[in-house]
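Undergrad: Would you be able to build a 3D model of this:
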Amino acid sequence: MKTIDKQAILNVLNGLEVIEQNGGEDAYILVENNAANHEKLNAVGVPSEAINKYGDEETFCILALAFSEGYANELEYSKLVLRPDKFAVYDTTYNEFNLHDTYKSALADYEAAKESIMEESLSGDEQVFILEVKKVACIVEDKDREDDPAEKGFDGWCKWEETDFDK
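TA: Got it, this is the predicted structure:
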């Protein structure tokens, strides 16, 4: 199975000359539907059949192509980007991690955390981070284990339950 380098595709898409674009609810970004643009995209793994689904003989929409084919999930400053599935905001003042499904949500929490910390007396060591979350492991009760935890001096058995957001 061939691996697709989504960032390479985004680099090509973001480098194509835009003919026309519109924002808002009916957003689109049109580029010329020509052999040169097809060659650039074919070289990074985007087949011409996929390109042609998002346009006509003259132009195709790179916004529709990128979002529909899973190469991008956000448009930031007129550039297509692919954000990870999970973000965490961590602040050192309260030693808190908060998980978020979107970058926008994480950014709002990040700004709120900074504002909250500024209302406190400051030591100079305060920091707030937005982190990309690849994996999370949580302790859960291990109900599958059959031996008696009391024999080892424990109240119960625990195990790690992992979620991998990179898959």
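
Undergrad: Quick one: the helices in the protein, in order.
TA: 6-15, 35-43, 48-52, 62-68, 103-118 (DSSP state H).

Undergrad: For the chain, name the helix or strand with the lowest mean pLDDT.
TA: strand 135-141 (a mean of 83; mean pLDDT, DSSP states H and E).

Undergrad: export that one as PDB, just CAs?
TA: Written as PDB, here are the backbone C-alpha positions of strand 135-141 (Å, rounded to 0.1, in the frame of the first residue of the first chain):
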ATOM      1  CA  LYS A 135      -1.500   9.200  22.300                       C
ATOM      2  CA  VAL A 136      -3.300   9.200  25.700                       C
ATOM      3  CA  ALA A 137      -3.000   6.500  28.300                       C
ATOM      4  CA  CYS A 138      -5.500   6.300  31.200                       C
ATOM      5  CA  ILE A 139      -5.600   4.100  34.200                       C
ATOM      6  CA  VAL A 140      -8.700   1.900  34.300                       C
ATOM      7  CA  GLU A 141      -9.800  -1.000  36.600                       C
END
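
Undergrad: Give me the sheet partners of that strand and which way each runs.
TA: strand 158-164 (antiparallel) (DSSP bridges).

Undergrad: Going by neighbour count, list what's buried in the strand it pairs with.
TA: For strand 158-164, a neighbour-count test (16 or more other C-beta atoms under 10 Å) marks nothing as buried. For every residue, glycine as well, the C-beta is placed using N, CA and C.

Undergrad: contacting residues for residue 40?
TA: By C-beta atoms under 8 Å, 6 or more residues apart in numbering, residue 40 lies in contact with 12, 15-16.

Undergrad: show me where pLDDT drops low in this structure?
TA: Within the chain, the stretches with pLDDT under 70 are 1-3, 166-167.

Undergrad: can I assume residue 85 is in contact with residue 101?
TA: Yes. Under the criterion of C-beta atoms under 8 Å, residue 85 makes contact with residue 101 at 7.2 Å.

Undergrad: the more surrounded of these two?
TA: Ranked by neighbour count (other C-beta atoms under 10 Å), residue 85 and residue 101 place residue 85 first, with 13 against 10.
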